[in-house]
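Q: 3D model of this:
(one chain, ligands or ions: 1)
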Amino acid sequence: MTQPRTIEDLRSEVDQINRDLLRLLSQRGAVVAQIGHAKTQEGRPNHYDPAREEQQLKELEALNEGPFTTAAVKAIFKEIFKASLDLEESNDKKQLLVSRKVKSDDTVLDIDGVRIGGDAPPIIIAGPCSIESEEQMEQTAAFLAGKGIKILRGGAYKPRTSPYGFQGMGVDGLILGSRVAKEQGMLFITEVMDTRDVEIVAEHADILQVGARNMHNFALLREVGRARRPVLLKRGLSATIEEWLYAAEYILSEGNPEVILCERGIRTYEKWTRNTLDLSAVALAKQETHLPVIVDVTHAAGRRDLLIPLAKAALAVGADGIHVEVHPSPATALSDNEQQLDFAGYDRFIGALSAQLKQPVSV
Ligand SMILES: C=C(O[C@@H]1C=C(C(=O)O)C=C[C@H]1O)C(=O)O
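A: Got it, this is the predicted structure:
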């Protein structure tokens with residue numbers, strides 16, 4: 001009579017079967033990867049093929065003699081199909097131009113000697129929400145230039161919630177903003193909202209801004225991608241990080257590599273702040289992309305009393321700069337008067353950040 005086999009003996013047989021299964025699985029993975037590659041070459045939009053999976057499951061069902069139930073065998077093979085599909089897709093997925101996998105070193109913009117990103121010290125972009133008058137722009141630019149600020153912002157086209165709100169000065173605003181910035185040796189950044197205005201805005205502005213409400217405006221993204229100006233791309237109000245990066249990809253794919261990402265808070269259920277500043281998005285965008293990332297604290301908070309802690313936090317997670325609204329008299333501003341800083345407020349703001357602004361902050 002043969003002795004029953006010991007557990008140790010049986011286990012060593014199982015170990016050997018595991019090794020055989022793993023070898024077969026790896027072999028299967030290599031074949032699947034080739035199928036995936038062939039699908040990409042053929043230009044098939046979908047790697048997932050449910051009919052083919054179904055056919056294999058049917059065959060396995062017919063072949064199954066136990067001891068595992070057909071349901072168990074199917075579940076195991078469905079997992080194998082899923083892992084195979086992931087393998088196919090990760091091998092053949094088009095690498096995004098914004099991705100660090102395509103370009104591992106930081107993109108550093110150099111706009112007329114003003115450096116943004118990488119090892120450059122954090123940049124401050126400041127100025128009023130809207131361009132309203134000569135006096136307002138001249139006062140603000142002179143004040144900010146005196147503080148060493150290199151980029152002046154100001155909206156000439158305003159995306160207002162109500163069509164009856166102040167819509168901006170348009171071309172007159174562009175001319176005014178760029179003149180005043182030039183006089184103070186500053187760069188001028190302003191928002192472009194319409195594909196028809198890209199040319200005229202690019203003529204006057206040193207940096208084009210695509211606002212949060214236009215992040216999904218793919219025609220506009222393509223158009224600014226063709227413009228020969230750096231673009232600051234704000235994250236949409238309810239955009240996921242992936243959608244935001246795809247929006248940037250639109251610009252890069254049109255041949256414009258000079259994109260600055262700008263997190264400006266997202267819409268959540270929270271009411272005590274206008275938006276919720278998503279700091280994970282800043283850290284993630286820095287990790288996943290090579291582009292400079294800045295934070296618009298004004299819109300993120302929607303209230304002046306949070307600007308300092310939010311800006312400190314943004315720089316601490318690796319932001320390459322801060323965007324903040326400054327107005328000579330916020331109370332009488334034609335837009336955003338709850339959240340713009342006056343000159344004394346700006347001094348306190350920048351003073352509180354001084355230690356972090358002196359050197360580049362890395363993650
Ligand atoms: C490998 C293929 O791609 C996917 C993976 C499958 C698998 O692992 O068997 C089956 C169908 C597809 O969803 C294929 O189409 O053959």
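
Q: give me the neighbour count for the nearest residue to H216 once chain neighbours are set aside.
A: With sequence-adjacent residues excluded and distances taken as C-beta to C-beta, 6 or more residues apart in numbering, H216 is closest to G236, at 5.9 Å. Heads up, the C-betas are built off the backbone N, CA and C, glycines and all. Per other C-beta atoms under 10 Å, the neighbour tally for G236 reads 21.

Q: pretty sure G236 is touching R213, no?
A: Yes: assessed by C-beta atoms under 8 Å, G236 is found in contact with R213 at 7.4 Å.

Q: what pLDDT does whatever residue of the stretch 251-363 of the chain ends up closest to the ligand get?
A: Minimum separation of the stretch 251-363 of the chain from the ligand (C-beta to the nearest ligand atom) falls at E288, amounting to 26.4 Å. Note for E288: predicted pLDDT of 95.

Q: so how many other residues sit close to it?
A: Residue crowding around E288 was assessed by other C-beta under 10 Å; the count is 16.

Q: that one reaches W244, doesn't it?
A: No: no contact is recorded between E288 and W244 when judged using C-beta under 8 Å, the distance being 10.5 Å.

Q: return the backbone torsion pair for the residue in the stretch 101-250 of the chain that the ligand sits nearest to.
A: Nearest residue of the stretch 101-250 of the chain to the ligand, counting by C-beta to the nearest ligand atom: E242, 22.4 Å away. Recorded main-chain torsions at E242 are phi -60, psi -40, according to degrees, to the nearest 10.

Q: for it, grab the count of nearby residues.
A: With neighbours defined by other C-beta under 10 Å, the count for E242 comes to 11.

Q: just R226 next, same as before
A: Using other C-beta under 10 Å as the criterion, R226 is surrounded by 13 other residues.

Q: quick one, strands of the stretch 201-350 of the chain?
A: Ranges of strands in the stretch 201-350 of the chain, per DSSP state E, counting those that start in this stretch, are 207-210, 231-234, 259-263, 293-296, 321-325.

Q: format those as JSON lines; extra columns: mean pLDDT and distance to R179.
A: Rendered in JSON lines, the data for the strands of the stretch 201-350 of the chain read as follows (pLDDT from 0 to 100; distance: least, C-beta to C-beta, whole Å):
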{"stretch": "strand 207-210", "mean pLDDT": "98", "distance to R179": "16"}
{"stretch": "strand 231-234", "mean pLDDT": "98", "distance to R179": "21"}
{"stretch": "strand 259-263", "mean pLDDT": "98", "distance to R179": "23"}
{"stretch": "strand 293-296", "mean pLDDT": "98", "distance to R179": "25"}
{"stretch": "strand 321-325", "mean pLDDT": "97", "distance to R179": "20"}
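
Q: mind putting the ones you listed into a markdown table with distance to the ligand and mean neighbour count?
A: Conversion of those to a markdown table gives the following (distance: least, C-beta to the nearest ligand atom, whole Å; neighbours: other C-beta atoms under 10 Å):
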| stretch | distance to the ligand | mean neighbour count |
| --- | --- | --- |
| strand 207-210 | 37 | 24 |
| strand 231-234 | 35 | 25 |
| strand 259-263 | 34 | 28 |
| strand 293-296 | 36 | 26 |
| strand 321-325 | 44 | 27 |
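
Q: ok, the helix or strand encompassing R115: who's next to it in the sheet?
A: Following DSSP states H and E, one finds R115 within strand 114-116. Based on DSSP bridges, the strands next to strand 114-116 in the sheet, each with its direction, are strand 109-111 (antiparallel).

Q: now the strand it pairs with: buried residues?
A: Within strand 109-111, the residues that qualify as buried by neighbour count (16 or more other C-beta atoms under 10 Å) are 109, 111.

Q: so where's the stretch 1-150 of the chain uncertain?
A: Per-residue confidence for the stretch 1-150 of the chain (pLDDT under 70) gives these ranges: 1, 92-94.

Q: need the residues of it near the ligand, please.
A: Remark: the part of the stretch 1-150 of the chain in contact with the ligand comprises 32, 35, 47-49, 52-53, 56, 81, 84-85, 88, using C-beta under 6 Å from any ligand atom.

Q: show the buried residues in those residues.
A: The neighbour count (16+ other C-beta under 10 Å) marks 32, 47, 53, 81, 84-85, 88 as buried among these.

Q: among the residues you listed, which pair sits farthest apart?
A: For these, the farthest-apart pair by C-beta to C-beta is E53 and E88; their separation is 12.6 Å.

Q: could you pull out the helices for the stretch 201-350 of the chain?
A: Secondary structure of the stretch 201-350 of the chain (DSSP state H, counting those that start in this stretch): helices at 218-226, 241-253, 279-288, 297-301, 307-316, 343-358.
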